[in-house]
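Peer 1: sequence and predicted structure are below.
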Amino acid sequence: MTDTRFKICGLTDPADIPAAILAGASYLGFVFFPKSPRHLDIPSAAAMAATAPPGIMKVALTVDADDAALDALTEAVALDMIQLHGHETPERVREVRARSGLPVMKAVGVAGPEDIADIDRYAAAADQLLIDAKPPREAELPGGNGLPFDWRLIADRRWNVPWMLAGGLTPDNVAEAVRMTGTRQVDVSSGVESAAGVKDADRIAAFGAALRA
Ligand SMILES: O=C(O)c1ccccc1NCC(=O)[C@H](O)[C@H](O)COP(=O)(O)O
């Protein structure tokens, strides 16, 4: 399992960056969604991203952002990828890629077999997919809810773009998730936190170790 790449999403403290790097993360995720406990303002994100070593993908997560918001982000923060975590259509995914000049990862929520067709639809438009648990109807946040979905739904599926498994992953269950789905990449947020929006360096290290075990 040593080649499983991972993203630590929702970094809020400058100290989260060395913790994620030390654990072996390939991607660092910054959330731009004011309702989230992980929301960052642009100057804070720019300062944090500037401390990341070369070769680590710095990903901005946005939710149904308009062009002006995306332009403000991409002008100020040294980014390598944009993650769209709202109701963006495949056409909007293509627009964001063309406008930003950055690769785009589209999050697709899965709750049941009826959601698998959506993954196929977005695979034709995005550079990467993030296959996440669909948020419960009453959830305040479209992601970062610490909920897994039934991994058997995607166990035998492959797409023609790179994809990441997300949703409720923890140091304790990530090895099983990789085994069941065959994914080469995973994403975690609340599973490596001590409280909402507060990353825990020991849990980040344990997550990386679980993928190397
Ligand atoms: O993390 C957030 O606060 C967030 C807010 C708005 C949209 C998406 C959000 N997170 C999305 C992610 O990429 C998470 O890492 C992914 O949903 C997995 O989260 P978790 O189940 O907590 O590991």
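Peer 2: Looks like it arrived, so ask away. Numbering: from 1, shown residues only.

Peer 1: helix or strand right after the worst-scoring helix or strand of the chain on mean pLDDT?
Peer 2: Among the helices and strands of the chain, helix 116-123 carries the lowest confidence by mean pLDDT, DSSP states H and E, at a mean of 94. Per DSSP states H and E, the first helix or strand lying C-terminal to helix 116-123 is strand 128-133.

Peer 1: now what about that next one, what contacts it?
Peer 2: Residues outside strand 128-133 that contact it (Cβ atoms under 8 Å, 6 or more residues apart in numbering) are 81, 83, 85, 103-111, 119, 122-123, 143, 145, 147-149, 154, 159, 161-168, 187. Where C-beta positions appear, they are placed from N, C-alpha and C, glycine not excepted.

Peer 1: so how far is it off the chain centroid?
Peer 2: How far strand 128-133 lies from its chain's middle: 8 Å, per Cα atoms, centre = their mean, to the nearest Å.

Peer 1: adjacent strands (with direction) for it?
Peer 2: Sheet pairing of strand 128-133 (DSSP bridges) gives strand 104-110 (parallel), strand 163-165 (parallel).

Peer 1: hmm, back to that, what's the PyMOL syntax to select whichever of the contacts of strand 128-133 are buried?
Peer 2: In PyMOL, this line selects whichever of these come out buried by 16 or more other Cβ atoms under 10 Å:
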select buried, resi 81+83+85+103+104+105+106+107+108+109+110+119+122+123+143+145+147+148+149+154+159+163+164+165+166+167+168+187
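
Peer 1: contacts only, for residue 8.
Peer 2: Counting by Cβ under 8 Å, 6+ apart, residue 8 has contacts 16, 20, 23, 25, 27-29, 188-189, 192, 199, 204, 207.

Peer 1: between these, which sits nearest the ligand?
Peer 2: For the contacts of residue 8, the minimum distance to the ligand (Cβ to the nearest ligand atom) is 3.4 Å, reached by residue 189.

Peer 1: ok, now which ones touch that closest one?
Peer 2: Contacts of residue 189 by Cβ under 8 Å, 6+ apart are 8, 9, 10, 29, 38, 143, 144, 146, 166.

Peer 1: give me the subset of those residues touching the ligand.
Peer 2: The subset of the contacts of residue 189 within reach of the ligand, by Cβ under 6 Å from any ligand atom, is 9, 10, 29, 38, 143, 144, 146, 166.

Peer 1: whatever residue of the chain ends up closest to the ligand in helix, strand or coil?
Peer 2: Going by Cβ to the nearest ligand atom, the ligand is nearest to residue 144 of the chain, at 2.2 Å. Secondary structure state of residue 144, per DSSP: H, G, I helix; E, B strand; the rest coil, is coil.
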